[in-house]
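A.B. asks: here is a sequence together with a model predicted from it:
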Amino acid sequence: MDHAKERKDADFELIDLVDYPLPHLDEPLPPSMGQYQNEHTRQWSATISRFDGFVFVTPEYNHGTSGVLKNAIDFLYAEWNNKAMGVVSYGVVGGARAAEHLRLVAGELQMADVRTNVALSMFSDFENFTDLKPAPYQAGALDTLFSQVIAWSEALAPLRQASKAA
């Protein structure tokens, strides 16, 4: 977030899932129907609807993203459509498989995933496997990721407007 706040071409906001304690998906109808019964889902929907693009930060567990992030994504459908997404992943091999997992999910949600992935290694980008101390080259990759997400978010704006009008 510190790095994102230095940019002047977009506004960034941190959405921490600890602030949205969603249970296991508990809606009686599929998210694609958009008929949410639970207040926590309606609040989550309102939050995600405000944004044009996302940078997901994910660890890699068992070759995938975290269950908490996947559950939060699964609660909604239309709110993700026609928005850009990028991934900052971390793990023993940089969380590369978690990033690929999110890209597959994004495709189903009609999201455009950008090419750049910031892959943080637990061995070289963390101190004592807990404190984030990214290698200097990661800042360039992060800038590229932000630029791509912003560009794609702007490019997809007409599609988002058309779906709101429909």
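C.D. replies: Great, that's in hand. Numbers count the residues shown, from 1 in each chain.
A.B. asks: and after the longest strand along the chain, which helix or strand comes next?
C.D. replies: Using DSSP state E, we find that the single longest strand of the chain is strand 112-121. Next along the chain after strand 112-121, taking DSSP states H and E as the criterion, comes strand 126-127.
A.B. asks: so what's the most centrally placed residue in the chain up against?
C.D. replies: Centroid-nearest residue in the chain: Phe56, 2.8 Å away (criterion: C-alpha atoms, centre = their mean). Residues counted as contacts of Phe56 (C-beta atoms under 8 Å, 6 or more residues apart in numbering) are Thr65, Leu69, Met85, Gly86, Val87, Val88, Leu102. The way it works is simple: take the backbone N, C-alpha and C, and place the C-beta from them, glycine included.
A.B. asks: now Ala10
C.D. replies: Phe146, Ile150, Ser153.
A.B. asks: counting by contacts, list what the longest helix seen in the chain packs against.
C.D. replies: What stands out as the longest helix in the chain, according to DSSP state H, is helix 137-155. Where contact means 3 or more C-beta pairs under 8 Å, 6 or more residues apart in numbering; DSSP states H and E, helix 137-155 is packed against helix 2-5, strand 53-59, strand 84-91, strand 112-121.
A.B. asks: the helix or strand that that helix is followed by vs helix 137-155, what angle?
C.D. replies: For helix 137-155, the following helix or strand on the C-terminal side (DSSP H and E) is helix 157-165. On the basis of axes from the mean of the first three to the mean of the last three C-alpha atoms, to 10 degrees, helix 157-165 is oriented at 50 degrees to helix 137-155.
A.B. asks: SS state for the residue lying closest to Glu13 once chain neighbours are set aside?
C.D. replies: What sits nearest to Glu13 in space, not counting adjacent residues and going by C-beta to C-beta, 6 or more residues apart in numbering, is Phe51, at 7.6 Å. When classified by DSSP: H, G, I helix; E, B strand; the rest coil, Phe51 comes out as coil.
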